[in-house]
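S.K.: when you get a sec, could you give me coordinates for this:
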Amino acid sequence: MSNRYIIPVGKEWSISRLEELHPPLDPAICLNLAARYHIQSWILPAVCQLLDRFENGGRRIRAITDMEIGVMGIVAYSAIGRADKAIRAERYKVCRAQIALYHDAPDCRVGLGARRKCEDSWNLTLQTKMPGILLNPDSYTPLADLPSVLSTLYFPNVNVVCKSLSIEKLKASHCVTIEETIKQLAADKLWEQFGP
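M.R.: Sure thing, here's the model as predicted:
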């Protein structure tokens, strides 16, 4: 009624009470209400919850039910589907790309043999481990967690200083934030479609 009669205080009160519910509202319902009542702050959390759903230890967008699709609407579902596809494509790109190894250890800067050995070991370890880390559907690792995962991996013949520097450079790269960026873009697109 507050929305119908343009009473912002009543609308804000209703929204705050709905946000306090335990258990919280289903993300599909949040998207439906966000579209209907122009609640922008609910879109991104709902998109994130739907994209980050886990089932049997793995991330599954397929866990969205037909009933939820009916509630959120086909526009929201297609936006979430496109975001999921973009996230999977970025994960595949990161998996296929070689993460740069930065040499800062004294023996890697001076000796070509040590440097080559260090690079070969780094690349081989990444080629064998990255598909299991990023593409395994039963064990989801967000790209934001990739630096900490790499810091726990054993890289034979890679100098500890070079490994640490490379992981620090990776933390500053866009690949660790790309999933969150895609989710934000999906939420922004939905807001454009839902907006007043």
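S.K.: ok, for Lys117, nearest residue in space, not its chain neighbours?
M.R.: Leaving aside its sequence neighbours, Lys117 sits nearest to Asn157 (Cβ to Cβ, 6 or more residues apart in numbering; 5.0 Å). Where you see a C-beta, it was placed from the backbone N, CA and C, and this is true even at glycine.
S.K.: how about the one you found, secondary structure?
M.R.: coil (DSSP: H, G, I helix; E, B strand; the rest coil).
S.K.: shouldn't it be in contact with Arg115?
M.R.: No. Counting by Cβ atoms under 8 Å, Asn157 sits too far from Arg115 to count as a contact (10.9 Å).
S.K.: pLDDT value on Val158, please?
M.R.: Looking at Val158, its pLDDT stands at 89.
S.K.: mean confidence score for the helix or strand hosting Trp191?
M.R.: Element membership for Trp191, per DSSP states H and E: helix 178-194. Helix 178-194 shows a mean pLDDT of 94 in the predicted model.
S.K.: only the buried residues of that helix, if you could.
M.R.: 178-179, 182-184, 186-191, 194 (16 or more other Cβ atoms under 10 Å).
S.K.: same list (these) but as a markdown table, adding distance to Glu168.
M.R.: Converted to a markdown table, the buried residues of helix 178-194 look like this (distance: Cβ to Cβ, whole Å):
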| residue | distance to Glu168 |
| --- | --- |
| Ile178 | 18 |
| Glu179 | 20 |
| Ile182 | 24 |
| Lys183 | 25 |
| Gln184 | 25 |
| Ala186 | 30 |
| Ala187 | 30 |
| Asp188 | 30 |
| Lys189 | 33 |
| Leu190 | 35 |
| Trp191 | 35 |
| Phe194 | 40 |
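S.K.: and the strands in this structure, which stretches?
M.R.: 54-55, 58-59 (DSSP state E).
S.K.: comparing those, which gets the lowest mean pLDDT score?
M.R.: Among these, strand 58-59 scores lowest, at a mean of 56.
S.K.: follow-up on the earlier one: which ones are touching the residue nearest to Lys117?
M.R.: The contact partners of Asn157, by Cβ atoms under 8 Å, 6 or more residues apart in numbering, come to 117-118, 120-121.
S.K.: now with 7 Å?
M.R.: 117-118, 121 (Cβ atoms under 7 Å, 6 or more residues apart in numbering).
S.K.: if you rank those by neighbours, which is first?
M.R.: Most neighbours among these, by other Cβ atoms under 10 Å: Cys118, with 23 neighbours.
S.K.: relative to Cys108, how far out is it?
M.R.: 5 Å (Cβ to Cβ, to the nearest Å).
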